[in-house]
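K.L.:
no sequence on hand, only this structure:
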Ligand code: UDX
Ligand code: ADP
């Protein structure tokens with residue numbers, strides 16, 4: 001048994017938004033450990049290995065520099081799943097866990113088929129003692145499933161032994177490297193103290209001991225779901241008030257500032273917007289809802305479900321506002337969409353509110369010119385389920401390119417360049433009357449107004465306020 005053996009080789013299954021950056025940071029901080037990231041997606045692995053560092057499959061500030069330093073030294077990307085699993089002392093599972101689209105729990109429960117497949121691969125190919133770490137966000141008690149699959153392999157071979165830990169990742173996209181380098185906490189759930197210690201030792205390379213929390217497996221899994229649910233709840237709370245502000249003359253910016261100054265409430269995650277996106281919030285809350293329903297806790301599940309309801313309502317509400325302000329019809333109008341990623345500093349579009357707003361406008365017969373500094377036209381085509389060749393939307397290479405001849409600008413993502421726009425140049429390129437819909441409350445409204453724009457800003461009725 002290699003229980004007291006040093007962790008020399010790590011394998012991570014899944015080279016995505018979580019696996020890629022988190023393994024890059026482990027490799028960077030632990031030069032004596034060989035980190036192998038494997039994935040079934042050959043194209044993704046090829047991008048991770050692309051000599052052109054700008055071609056990495058995900059955009060994350062600071063990531064390219066780490067990859068450039070570690071790749072080929074102690075960090076490797078490959079599709080050699082069998083080989084790397086068999087040689088690893090510790091295996092992280094970082095595969096996708098989207099919400100199920102059919103069958104029992106459809107629309108709420110996570111689809112664990114990729115986790116299960118990973119566990120089966122580990123059970124088949126691993127050798128000796130292997131620590132298996134859940135990194136992907138998973139429903140509570142998933143570790144049980146993983147354990148059961150691994151135990152079945154124990155029966156087959158006496159030479160295999162496993163210990164399962166939960167080590168959820170709290171990184172946010174766009175700030176992943178900073179979050180990984182300076183985590184608020186590292187959470188490790190498990191039963192086998194020896195294995196927990198091995199994982200703690202890895203983090204101790206750069207994380208102070210007092211920031212490493214150990215719990216049982218189920219507390220760790222639940223804490224991850226609940227952290228995301230709490231954050232999402234704050235966003236839905238502030239977004240629910242935007243509509244009230246728009247009808248009463250209160251300004252959500254002022255209201256948010258006022259409540260943020262109470263240290264008990266805190267200043268983070270209270271920026272109003274078109275609704276939260278990303279791969280985690282909705283999925284994790286729906287997981288929570290599903291598990292509460294499963295245990296007969298109807299009141300608890302309805303409580304959390306409301307957070308998602310408000311989020312859906314917010315993007316639909318904004319879509320309706322745009323149509324209504326543009327004289328009740330957008331048919332044959334052209335709208336410039338600024339931002340398609342679910343938030344700034346990422347090229348990720350999963351659950352982006354831009355998808356729903358754009359699809360709604362297209363259904364109404366509107367033409368769209370979409371610009372995002374990091375999202376490709378192919379990605380937008382995929383999300384809209386509408387090829388560019390249909391000519392209902394076009395891909396713009398810059399802000400100015402996207403506003404040429406358009407009737408309105410809708411700012412959806414809070415990219416820095418949308419905060420500093422040159423309203424004079426933009427107004428000259430647009431049709432009159434021109435509109436600005438600022439769904440993030442980030443634009444210089446006064447400047448835009450001075451250059452003739454009609455304005456709608458989230459959480460404020462500019463007429464009522466004057
Ligand atoms: C989130 C969690 O923050 C992270 O800990 C977890 O590991 C994964 O899920 P992420 O989805 O990458 O991270 O982004 P986050 O910064 O949390 O933003 C999520 C969504 O909320 C974005 O659409 C963002 O625009 C929105 N948001 C965030 C707001 O609308 N207002 C805010 O004040 C903050
Ligand atoms: P996340 O945001 O959780 O990292 P992603 O979808 O970005 O999710 O990445 C998950 C990755 O896991 C994908 O690249 C996918 O191809 C990979 N993956 C899924 N199942 C397996 C598997 N059984 N073996 C190897 N890789 C897998």
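P.N.:
Thanks, I have it. Source: prediction; values computed, not measured. Numbering: from 1, shown residues only. Ligands and ions are numbered 1, 2, ... in the order given.
K.L.:
going by C-alpha atoms from here, please, whenever you check contacts or count neighbours.
P.N.:
Fine.
K.L.:
which residues of this structure fall in strands?
P.N.:
9-13, 34-38, 75-78, 90-93, 128-134, 160-166, 186-189, 212-215, 334-338, 367-371, 393-395, 408-411, 435-438, 454-457 (DSSP state E).
K.L.:
now do the contacts for residue 189.
P.N.:
Residues counted as contacts of residue 189 (CA atoms under 8 Å, 6 or more residues apart in numbering) are 165, 166, 167, 196, 214, 215, 216, 217, 218, 219, 220, 221.
K.L.:
which of the strands of the chain sits closest to residue 226?
P.N.:
The minimum distance between residue 226 and these falls on strand 186-189, with 13.1 Å, by CA to CA.
K.L.:
so where is the protein shaky, pLDDT-wise?
P.N.:
Applying pLDDT under 70 to the chain picks out residues 1-5, 153-157, 463-466.
K.L.:
so how far is residue 172 from the most centrally placed residue in it?
P.N.:
Centroid check for the chain by CA atoms, centre = their mean gives residue 278 as the closest residue, at 3.4 Å. According to CA to CA, to the nearest Å, residue 278 stands 9 Å off from residue 172.
K.L.:
and residue 350, by the same measure?
P.N.:
13 Å.
K.L.:
what does residue 310 give?
P.N.:
Taken as CA to CA, the span from residue 310 to residue 172 is 22 Å.
K.L.:
contact partners for residue 298?
P.N.:
Residue 298 neighbours (CA under 8 Å, 6+ apart): residue 292.
K.L.:
point out the residues in this structure that sit beside ligand 1.
P.N.:
169-173, 228, 235, 269-273, 275-281, 342-343 (CA under 6 Å from any ligand atom).
K.L.:
show me the chain divided up by domain.
P.N.:
Following automatic domain parsing, one gets these domains for the chain: 9-215, 242-466.
K.L.:
to ligand 2, which of the ones you listed lies closest?
P.N.:
Minimum separation from ligand 2 across the domains of the chain (CA to the nearest ligand atom) falls at domain 9-215, 3.3 Å.
K.L.:
does ligand 2 have contacts with the closest one?
P.N.:
Yes. Contact of domain 9-215 with ligand 2 (CA under 6 Å from any ligand atom) involves 13-19, 38-41, 94-96, 114, 117-118, 136.
K.L.:
can you select the buried ones from the residues of the chain next to ligand 1 in ChimeraX?
P.N.:
Selection of buried members from the residues of the chain next to ligand 1 for ChimeraX, criterion 16 or more other CA atoms under 10 Å:
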select :169,170,171,172,173,228,235,270,271,272,273,275,276,277,278,279,280,281,342,343
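K.L.:
in stretch 48-65, what's buried?
P.N.:
48, 49, 56, 57, 58, 59, 60, 63, 64.
K.L.:
span of that stretch from start to end?
P.N.:
In stretch 48-65, first residue to last residue: 13 Å (CA to CA).
K.L.:
all set now, cheers.
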